[in-house]
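Chemist: Kindly return the folded structure for what I paste below:
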Amino acid sequence: MKSSQPFLDVHKQGIRVRPLARTDLPAVMELEYLGHSHPWPESTFLDCFKPNYRLWAAERGEELIGYAVVTYMVDEAHLLNICVSPHVRGQGIGRWLLRHLIAVAVADGMDQLILEVRVSNDAAAQLYLSEGFSEIGRRAGYYPDGAAREDALVMALRFT
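Modeler: Below you'll find the predicted structure:
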């Protein structure tokens, strides 16, 4: 396992995680377009402001530097979207945000967290593995990739 120094640095930098608000959407959309090859439209984010969703914002001062969208289905949390600004990647912010949403899901009584990650996104897959996730399957052609499709690794973290 890698050093925890980047994670400790996040704490020292005053990064905080709070519920995402509709008023954050302009900043979210900016990060979404910077961080994803096939960004969600704003309407998808708007559809997530429902009781069975948890939306999180990571910020430093007044600047939104990351976000996550999780949905709850019975006893399972599903991480649908997580993004950290390309300007601050590699500093432990994604790990900080992930650990926050896991802690809340556990407190909310969820039994596990599942997610999909592009097979080509080795950095994200390694982050999830280092946090205790395991690969439980693949979804063929899950992600758009230009004219083609890319497979997704399905990963899970059991809480119980």
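Chemist: Show me where the chain has its strands.
Modeler: Under the criterion DSSP state E, the chain contains strands at 15-19, 53-60, 63-73, 76-84, 112-118, 134-145, 148-158.
Chemist: What strands line up against the third one, and which way round?
Modeler: As defined by DSSP bridges, the strand partners of strand 63-73 come to strand 53-60 (antiparallel), strand 76-84 (antiparallel).
Chemist: Residue 104 is nearest to which of these?
Modeler: strand 53-60 (6.3 Å; C-beta to C-beta). C-beta: built from backbone N, CA, C; applies to glycine.
Chemist: quick one, that closest one and strand 15-19 angle?
Modeler: 150 degrees (axes from the mean of the first three to the mean of the last three C-alpha atoms, to 10 degrees).
Chemist: buried residues in strand 53-60?
Modeler: Of the residues in strand 53-60, 54-60 count as buried by neighbour count, 16 or more other C-beta atoms under 10 Å.
Chemist: same deal with stretch 58-76?
Modeler: In stretch 58-76, the ones that count as buried by 16+ other C-beta under 10 Å are 58-60, 64-70, 72.
Chemist: State the pair within the residues you listed that is farthest apart.
Modeler: Largest separation among these by C-beta to C-beta: 60 and 72, giving 27.6 Å.
Chemist: Touching, residue 40 and residue 81? I think so.
Modeler: Yes: counting by C-beta atoms under 8 Å, residue 40 touches residue 81, with 6.5 Å between them.
Chemist: thinking again about what came up before, as a markdown table, the strands paired with strand 63-73 with mean pLDDT and distance to residue 126 would be great.
Modeler: Below are those laid out as a markdown table (pLDDT from 0 to 100; distance: least, C-beta to C-beta, whole Å):
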| stretch | mean pLDDT | distance to residue 126 |
| --- | --- | --- |
| strand 53-60 | 96 | 20 |
| strand 76-84 | 97 | 14 |
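Chemist: ok, back up a step: and of the buried residues of strand 53-60, the nearest to residue 124?
Modeler: Closest to residue 124, out of all of the buried residues of strand 53-60 and judged by C-beta to C-beta, is residue 58, at 15.5 Å.
Chemist: quick one, longest helix in the chain?
Modeler: helix 93-107 (DSSP state H).
Chemist: Just the buried positions in stretch 146-160, please.
Modeler: Within stretch 146-160, the residues that count as buried by 16+ other C-beta under 10 Å are 150-157.
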